[in-house]
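J.: with the sequence up front, the predicted model follows.
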Amino acid sequence: MVSQTWYLALAAFVFSCGLYAALTRRNAIAVLIGIELMLNAVNINLVTFWRYGSMAPMEQLSGQVFSLFVIAIAGAEAAVGLALIISVYRTRHTVNLDELDMLKG
Amino acid sequence: MSLPEMSALFPTLQEVIFVLFALLIAVTSLIAAMAPNLFHNALGLVATLFGIAGIYFMLEAEFVGVSQILVYIGAIATLITFAIMLTRGMMFGRTSAMNRQGLAGAIISGLFFVVLLGIVFQVPWPNVVADITDGEALIANLGALFVSTYLLPFELLALLLLVALTGALLLARDR
Amino acid sequence: MLQNYLFVLILSTVALIIPVAAIVLGHFLGPRRPDPIKTATYESGVETIGDTWVQFRAQYYLIGLIFLIFDVEVIFLFPIALAFERLSLLSTLAVVTFVLILLLGLLVEWRKGALEWE
Amino acid sequence: MWGNNWNWSEALTQFQMRLGAPEGAARLVAYGLGAVVLVTIALTLVLFLIWVTRKVVSRIQDRLGPNRLGPYGLFQSVADALKLLTKEDITPRNADVISYNLAPVFDVFGVFLTLTVVAWAPGLIGADLNIGVPFLVALGAIGIMSALMAGWSSSNKYALLSGFRVVAQLLSYEIPMVLSMFLPVLLIGSMKLGTISASQSLYLFGFNLGLGWTVFIMPAAALIYFISALAEAEQTPFDLLEAESELIAGFHIEYSGMKFAMFFLAQFMNSFFLGAIAVMLFFGGYQGPFVDQLPILGAFYLLIKAMLVYLVTQWIKGTFPRLRVDQMMQFAWKVLVPLVLALVLWQMIVMKIFSSSWMQDVSILIGNLVVGGVVLNVISNYLRRQKVVTKRAFEPKSLIGVMEPVVSSGD
């Protein structure tokens, strides 16, 4: 059996990759991809804690339920986020986050 | 060969498979985060999602694994690709793919990774493993939980999806 | 149960090896005489103008959007189907409401004209 | 030996262990053997299928079809495969090499994985996953990704456009397909294909007739599944992305040689397997008379039923007019999805209200007949509106005479 620690370490790596993309990428879609990576890392953790955290994994299913909710909400988030990006692209002809500074004082 | 010896073969196989999946995820998530070409980012994301689905199957969360493939790869990744094509003018950009915080971002996420690793290896996790006897009953329990304990989130989710659909529709429509 | 997925993994390996082997074999068996005309983009003999950049209509995105919402909801229906026998009346009502909200989403799309494909 | 819980992989493992092999290795060998056998069967089947398709379609079109190589031209597809193997493998200059080469591999990969959950006979199923039905749907996602990859990486306008259209079509028809697959799952209460097949038995005086097919209870679900499967397999009347009589090709326009063959292979296998899934979900799977006594008959039943479904698709291919894009999309979203959702609601309510199983069945059947009637009505309305005219442009004066244009009288 692979130890729980390794799953968590893997999730940490994926999360850091996502964080890097979200922090440094110019393109809004690339930032969104980073956010998806982070959500997935969280999901790995949730499922790992479900598997290794309880003596009755058949009944105590909160980890799985939450990861399913995260998947569903990530869907809603991606739908709205990408629609925003498309809408911004249509009016400003750019999806570069650096150039989208209308709100700057 | 005695029985314990034989069963000792199986865990090692599982570890090998885990390492393979972990390598796949590590490489492809780096591609997803760093490749300059946006479409390659999306493909890297898809491969990462596949690897993570494999991890779910290894953790015996089969329903989460299949939902991952269905929703993430089947729908979200496709949607991202569509959005990439719709905003294609930016794909072969004259500017670099990174913003000015490139170095700072790398340092921050690197530090973050180190801190996380430290926590992961320091904390004494419970690490109890109980056998899952009937996978089908587990999925049935999951379904029963949605409409009993998690009834409110379940219904709210339906509403959220409806609202997201309407909002995204208004935003993305050609006018 | 994990054994089932071991089989899936082994079958995946075989299923990856076969197309890769076929393509590699074809690559070495076939002739290789590339020339600029042959490797050019094939657009029915007409010279290619510009790059592959085509303006896509947002319609594709809208289809993907509706699909995403439905897909997410279907995922929640499947486990409920397995537990359907033992659901209470209230729970059944909740599932029916869930599906009705889904139907409402479809109606919204319909009214907004997102289902029209010109 | 063929008891209630007989399972091919256990049997193979036990057999090897009796010969003295350690358990882990024995299991690996058993699984490897199973995988190779399954894939071999699938590949042989495809070679046969291509021949069947060409023969059937040519008969419908009043031609002979392949008849040179081997008896009735049976070996034509082998020759074609060999020919494709020796064709030049052209990679377009501007292509994105990695995804260009990976796309055909993934396409075949996704279709091959369907074999995991095909229930050939009791206990003879690759791996009876607890998530069988959603697993099958999830494999469709791989096909979608490979279409996108192929379309994008070819760096060809037409390939890209076609890739997007394919994906839009696959996405649209996936929803009615999943929901119609959901209906038997709801009725039987299991997502395992093995269990679903096993539960479609019908016992009469202790003898299994094997005719308790779900299609008798839910014909409309089967119809909607069949229509969506046609679209998923890109078969006529939904093959407007390929339209082999009109356009050059779909998203695989830039592919040649073996890579093209892979797309071709995937498409054939996919259309056959979608038929096999229809058989497992609605037409009793391996069930049939005497299947309890001689389980291996199940594999023949399954193959014969799947072949019949496949022949129906070829019949449709030979006779139906092609749909337009807008008609196709609207048919999915405005007809199939609302109707199948109504079926889902109806079945849920009925299953909760009536406790006796035959009352449930009868009510579900009534709902299905109504919905099926609506679907067929829409289709027949469409066909009537098409006003298919089969008048010849040139009427020959005699059968061997010269063809001259008929003088039109201002018609």
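T.: In hand now; what should we look at? Numbering: from 1, shown residues only, chains lettered A, B, ... in the order given.

J.: burial check on the closest residue to chain C within the stretch 51-200 of chain D, number of neighbours?
T.: Using C-beta to the nearest C-beta, the single residue of the stretch 51-200 of chain D nearest to chain C is D:F112, 3.5 Å away. The C-beta positions use only the backbone N, C-alpha and C, and glycine is treated the same way. By other C-beta atoms under 10 Å in any protein chain shown, 26 other residues sit near D:F112.

J.: is it in contact with D:M269, as I believe?
T.: Yes. With contact defined as C-beta atoms under 8 Å, D:F112 reaches D:M269; the gap is 7.5 Å.

J.: now D:V108: phi and psi?
T.: phi -70, psi -40 (degrees, to the nearest 10).

J.: what's the single longest helix in the chain?
T.: With no chain named, the answer covers chain A. Across chain A, the longest stretch assigned as helix under DSSP state H is helix A:62-92.

J.: oops, wrong one, chain C.
T.: helix C:2-29.

J.: quick one: buried residues of it?
T.: Applying a neighbour-count criterion of 16 or more other C-beta atoms under 10 Å in any protein chain shown, one finds C:2, C:4-12, C:14-15, C:18-20, C:22-23, C:26-27 buried in helix C:2-29.

J.: can you pull the phi/psi pair for D:L204?
T.: phi -130, psi 110.

J.: burial of the residue in the stretch 151-300 of chain D positioned nearest to chain C, as a residue count?
T.: Among the residues of the stretch 151-300 of chain D, D:M258 lies closest to chain C, at 2.9 Å counting by C-beta to the nearest C-beta. Neighbour count for D:M258, taken as other C-beta under 10 Å: 25.

J.: returning to that earlier point: can you spell out which helices and strands pack onto the following helix or strand past the longest helix of chain C?
T.: Per DSSP states H and E, the first helix or strand lying C-terminal to helix C:2-29 is helix C:58-82. The criterion is 3 or more C-beta pairs under 8 Å, 6 or more residues apart in numbering or on different chains; DSSP states H and E, and the helices and strands that helix C:58-82 contacts are helix A:62-92, helix B:62-67, helix B:78-86, helix B:135-146, helix B:151-172, helix C:89-112, helix D:132-153, helix D:157-188.

J.: so where's chain A uncertain?
T.: A:1, A:102-105 (pLDDT under 70).

J.: do the helix or strand hosting D:S228 and chain B come into contact?
T.: According to DSSP H and E, D:S228 maps onto helix D:219-232. No. Residues of helix D:219-232 are not located near chain B by C-beta under 8 Å from any C-beta of the partner chain, the shortest gap being 12.4 Å.

J.: chain D - how does it break down into domains?
T.: What automatic domain parsing lists as the domains of chain D is D:1-86, D:90-322.

J.: how about chain B?
T.: According to automatic domain parsing, the domains of chain B span B:1-120, B:135-175.

J.: how about the residues of the stretch 101-250 of chain D by chain B?
T.: Residues of the stretch 101-250 of chain D lying near chain B by C-beta under 8 Å from any C-beta: D:129-131, D:134-135, D:137-138, D:140-142, D:144-145, D:148-149, D:152, D:160, D:164, D:167, D:171, D:174, D:190-192.

J.: any bit of the longest helix of chain C sitting next to chain B?
T.: Yes. Using C-beta under 8 Å from any C-beta, helix C:2-29 comes into contact with chain B via C:2, C:5-6, C:8-9.

J.: give me the lowest-pLDDT entry from these.
T.: Among the residues of helix C:2-29 next to chain B, C:L2 carries the lowest pLDDT, at 83.

J.: ok, of the domains of chain D, where does mean pLDDT dip lowest?
T.: domain D:1-86 (a mean of 86).

J.: low pLDDT regions in chain C?
T.: Looking at chain C by pLDDT under 70, you get C:44-55, C:118.

J.: let's see 50
T.: Chain C contains no residues with pLDDT under 50.

J.: chain A contacts on that one?
T.: Within chain C, the residues that sit near chain A (C-beta under 8 Å from any C-beta) are C:58, C:61, C:65, C:68-69, C:71-72, C:75-76.

J.: which residues do D:F112 and D:M269 both contact?
T.: In terms of C-beta atoms under 8 Å, 6 or more residues apart in numbering or on different chains, D:F112 and D:M269 are both contacted by the residues D:A42.

J.: where do the helices sit along the stretch 201-350 of chain D?
T.: Using DSSP state H, counting those that start in this stretch, the helices assigned to the stretch 201-350 of chain D run over residues D:219-232, D:257-282, D:297-319, D:325-330, D:337-353.

J.: any chance of the ones you listed in CSV, with distance to D:V36 too?
T.: As requested, those are exported to CSV (distance: least, C-beta to C-beta, whole Å):
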stretch, distance to D:V36
helix D:219-232, 27
helix D:257-282, 16
helix D:297-319, 17
helix D:325-330, 39
helix D:337-353, 38
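
J.: returning to that earlier point: rebuild the residues of helix C:2-29 next to chain B as a markdown table, extending it with distance to chain D.
T.: As requested, the residues of helix C:2-29 next to chain B are exported to a markdown table (distance: C-beta to the nearest C-beta, whole Å):
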| residue | distance to chain D |
| --- | --- |
| C:L2 | 11 |
| C:Y5 | 7 |
| C:L6 | 6 |
| C:V8 | 5 |
| C:L9 | 9 |
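
J.: thanks a lot, catch you later.
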